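A.B. asks: Compute the structure for the input listed below.
(one chain, ligands or ions: 2)
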Amino acid sequence: MSLIEKCPNGHPVKVHERHFGHRVRCPRCQTVFKVPVPARRELTESSVLRILGDYSPEDSEEAMARRAVAIDWDSADSTRRCPRCGADVKAAFRICPQCHVYMPDLPNAAAG
Ligand SMILES: [Zn+2]
Ligand SMILES: [Zn+2]
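C.D. replies: Ligands and ions are numbered 1, 2, ... in the order given. This next block holds a predicted model:
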């Protein structure tokens, strides 16, 4: 595997993969320059997404809580009980506003 890298003077230089991260000499202008190591594609893509928006690859508790706050809950009027702190939480909430524990979407009818 090889790629075309440009020397500081803009000349295309074919660089073999074993020279990635090493210094090579431009055959045109004899300038020695360091060849960057190509980043892995998946790392590049995820970092781009991070820059573009508030993208989180995994649904962390914190990310869900942040998202829950952004939603308008006016229509949610029924409540259920937080299994951790026992607070009455609106049924539409997945995250307890008191203790921030994640509550899966359980059936609303209280058992027992
Ligand atoms: Zn050059
Ligand atoms: Zn709670």
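A.B. asks: roughly how far apart are residue 88 and residue 23?
C.D. replies: Separation of residue 88 from residue 23 (CB to CB, to the nearest Å) stands at 66 Å. Heads up, the C-betas are built off the backbone N, CA and C, glycines and all.
A.B. asks: which of the two has more neighbours?
C.D. replies: Set side by side, residue 88 and residue 23 show more neighbours around residue 88, with 12 against 9, by other CB atoms under 10 Å.
A.B. asks: Without its sequence neighbours, what residue ends up closest to residue 22?
C.D. replies: residue 35 (6.2 Å; CB to CB, 6 or more residues apart in numbering).
A.B. asks: Surely the one you found is in contact with residue 18?
C.D. replies: No: Residue 35 is beyond contact range of residue 18, at 10.3 Å (criterion: CB atoms under 8 Å).
A.B. asks: the more surrounded of those two?
C.D. replies: Per other CB under 10 Å, whichever of residue 35 and residue 18 has more neighbours is residue 35, with 18 against 9.
A.B. asks: show me the contacts for the residue nearest to residue 22.
C.D. replies: 5, 15, 19-24 (CB atoms under 8 Å, 6 or more residues apart in numbering).
A.B. asks: Tabulate these (a markdown table), appending secondary structure and pLDDT.
C.D. replies: As requested, the contacts of residue 35 are exported to a markdown table (DSSP: H, G, I helix; E, B strand; the rest coil; pLDDT from 0 to 100):
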| residue | secondary structure | pLDDT |
| --- | --- | --- |
| 5 | strand | 92 |
| 15 | strand | 92 |
| 19 | helix | 92 |
| 20 | coil | 90 |
| 21 | coil | 91 |
| 22 | coil | 93 |
| 23 | strand | 94 |
| 24 | strand | 94 |
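A.B. asks: Please pick the buried ones from those.
C.D. replies: 5, 15, 20, 24 (16 or more other CB atoms under 10 Å).
A.B. asks: check these against ligand 2, which are close?
C.D. replies: Among the buried ones among the contacts of residue 35, not one lies near ligand 2 by CB under 5 Å from the ion.
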